[in-house]
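**Q** Mind folding the following:
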Amino acid sequence: MATETHGPQGFEAALNRSPDAVAEFEQRKSFVQQARHLLHQTPSLVPLIVLVVSISIFGALLGQKFFSAFTLTLILQQVAIVGIVGAAQTLVVLTAGIDLSVGAIMVLSSVIMGQFTFRYGIPAPLSVLCGLAAGAGIGFVNGTLVARMKLPPFIVTLGMWQIVLAANFLYSANETIRSQDISAQAPILQFFGNTFRLGADEAGRGGAVFTYGAVLLILLVLVIAYVLRQTAWGRHVYAVGDDPDAAELAGVQTRNVLVTVYTLSGLICALAGWVMIGRLGSVSPTAGQFANIESITAVVIGGISLFGGRGSVLGMLFGALIVGVFSLGLKLMGTDPQWTYLLIGILIIAAVAVDQWIRKAAA
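**A** Here you go, the predicted structure:
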């Protein structure tokens with residue numbers, strides 16, 4: 001006669017008699033599966049690894065010529081504008097959108113800051129505020145067209161890119177405001193181009209050289225990273241990018257989120273326009289024409305999914321720095337500039353392929 005087992009002890013005994021029943025619940029993941037899961041949880045890890053490897057390779061090839069505090073901070077200076085515009089692009093891409101007008105917004109905002117100061121005699125601080133407001137206003141229009149009228153982000157921002165670019169040339173009459181005039185009458189416009197040193201010798205030589213624009217980039221990335229990860233609005237941004245219908249059913253005001261994302265993107269681009277004046281020293285309506293492509297490059301290499309809902313603004317910063325490392329490293333080696341474009345193109349395709357592979361971890 002068979003004895004029945006009841007209660008927890010009986011259940012344990014049954015499991016002990018059936019080792020196969022336990023085995024089917026303990027599916028060990030392979031190393032590749034664990035790595036894919038880790039990269040899915042921390043998408044900025046891939047660009048960080050690529051960045052460290054790139055710096056190590058160029059440091060080994062060029063020695064002290066590359067691997068020095070001055071050179072490494074010079075890279076940060078050079079990617080400051082792309083990084084700030086990339087931060088704006090990151091917010092949009094996380095919602096599964098794209099903004100092709102970021103570069104044009106940046107340039108028009110800088111032109112407004114300069115023209116308002118020198119053409120109309122408006123105090124420079126107020127002109128800066130007008131430029132920032134113009135950038136935010138253009139972003140608001142983009143967001144409204146995407147969120148309220150349900151137009152595709154690609155089409156909206158492509159059209160806005162052309163409109164803003166034309167407005168920029170028509171308003172500025174293709175006139176450049178010289179660096180000497182800005183230095184003499186409105187130095188605040190060049191504020192983010194000012195530098196300071198850390199670790200210099202007694203004669204003030206050597207050490208790391210930072211611009212205030214580079215410092216702004218770091219602070220901006222840290223603030224956005226905190227907001228995206230630690231606030232309800234940030235979680236809503238990820239939710240809208242991952243599945244807008246599910247987010248709306250969960251109570252997320254998806255339209256409001258999209259409008260605020262595009263508005264904030266425009267404001268950040270206007271801020272990049274102010275930094276660009278400091279970087280160039282002048283106000284030029286022809287500067288920054290490829291900022292939209294460069295920002296998308298930083299976003300893609302930075303491991304942010306173009307399908308939305310996954311990625312980190314820190315990854316975007318790493319992506320921008322990777323491009324800066326390749327550009328400066330190959331230049332110091334005396335190679336043809338076309339090699340830079342070739343390698344960056346390979347990195348872009350590789351980054352998208354890795355993103356597709358990583359996405360399978362969530363399936």
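**Q** hey, let's count contacts and neighbours off CA atoms from now on
**A** OK.
**Q** Go ahead and confirm V82 touches I296.
**A** No: V82 is beyond contact range of I296, at 9.5 Å (criterion: C-alpha atoms under 8 Å).
**Q** Settle it for me: which of those two has more neighbours?
**A** Neighbour count, other C-alpha atoms under 10 Å: between V82 and I296, V82 has more, with 30 against 26.
**Q** Chain neighbours aside, what residue packs nearest to the more buried one?
**A** Of all residues not flanking V82 in the chain, S295 sits nearest, at 5.8 Å (C-alpha to C-alpha, 6 or more residues apart in numbering).
**Q** packing partners for the helix or strand that neighbour falls within?
**A** S295 belongs to helix 291-301 when assigned by DSSP states H and E. Here helix 291-301 touches helix 80-94, helix 102-118, helix 313-332, helix 338-359, going by 3 or more C-alpha pairs under 8 Å, 6 or more residues apart in numbering; DSSP states H and E.
**Q** would you turn those into TSV with distance to I155 and mean pLDDT?
**A** Shown next, in TSV, are these (distance: least, C-alpha to C-alpha, whole Å; pLDDT from 0 to 100):
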stretch	distance to I155	mean pLDDT
helix 80-94	14	97
helix 102-118	14	97
helix 313-332	24	93
helix 338-359	22	84
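**Q** Those helices: which one's closest to G159?
**A** G159 lies closest, by C-alpha to C-alpha, to one member of those: helix 102-118, at 11.2 Å.
**Q** For the one helix or strand Y171 maps to, what does the pLDDT average out to?
**A** Following DSSP H and E, one finds Y171 within helix 153-172. The average of the pLDDT scores along helix 153-172 is 96.
**Q** now what about the helix or strand just after that helix, what contacts it?
**A** Sequence-wise, the next helix or strand downstream of helix 153-172 (DSSP H and E) is helix 179-185. Defining contact as C-alpha atoms under 8 Å, 6 or more residues apart in numbering, one finds that helix 179-185 is touched by L189, Q190, G281, S282, V283.
**Q** Low-confidence stretches in the stretch 201-350 of the chain?
**A** Along the stretch 201-350 of the chain, the model assigns pLDDT under 70 to residues 201-206.
**Q** Hmm, the residue nearest to V82 is touching Q89, no?
**A** Yes: contact criterion C-alpha under 8 Å: S295 and Q89 qualify, at 6.5 Å.
**Q** Next, the contact list for the residue nearest to V82, please.
**A** V82, G83, V85, G86, Q89, A320.
**Q** and the angle from the strand or helix carrying S127 to helix 102-118?
**A** Assigned by DSSP H and E, S127 belongs to helix 124-147. Counting by axes from the mean of the first three to the mean of the last three C-alpha atoms, to 10 degrees, helix 124-147 lies at 150 degrees to helix 102-118.
**Q** So which elements touch helix 124-147?
**A** helix 102-118, helix 153-172, helix 254-280.
**Q** Tell me the buried residues in the longest one?
**A** Yep, that's helix 254-280 we're talking about. Using 16 or more other C-alpha atoms under 10 Å as the test for burial, helix 254-280 gives 254-255, 257-279.
**Q** on that earlier part again, and the helix holding S295, how far out from the chain's middle?
**A** Its chain's average C-alpha position is 8 Å from that of helix 291-301, according to C-alpha atoms, centre = their mean, to the nearest Å.
**Q** Show the pLDDT at A363.
**A** Value for A363, per-residue pLDDT: 55.
**Q** can you pull the contacts of the residue nearest to L72 when sequence neighbours are not counted?
**A** Of all residues not flanking L72 in the chain, F66 sits nearest, at 7.4 Å (C-alpha to C-alpha, 6+ apart). Counting by C-alpha under 8 Å, 6+ apart, F66 touches F58, G59, L72, G329, L332.
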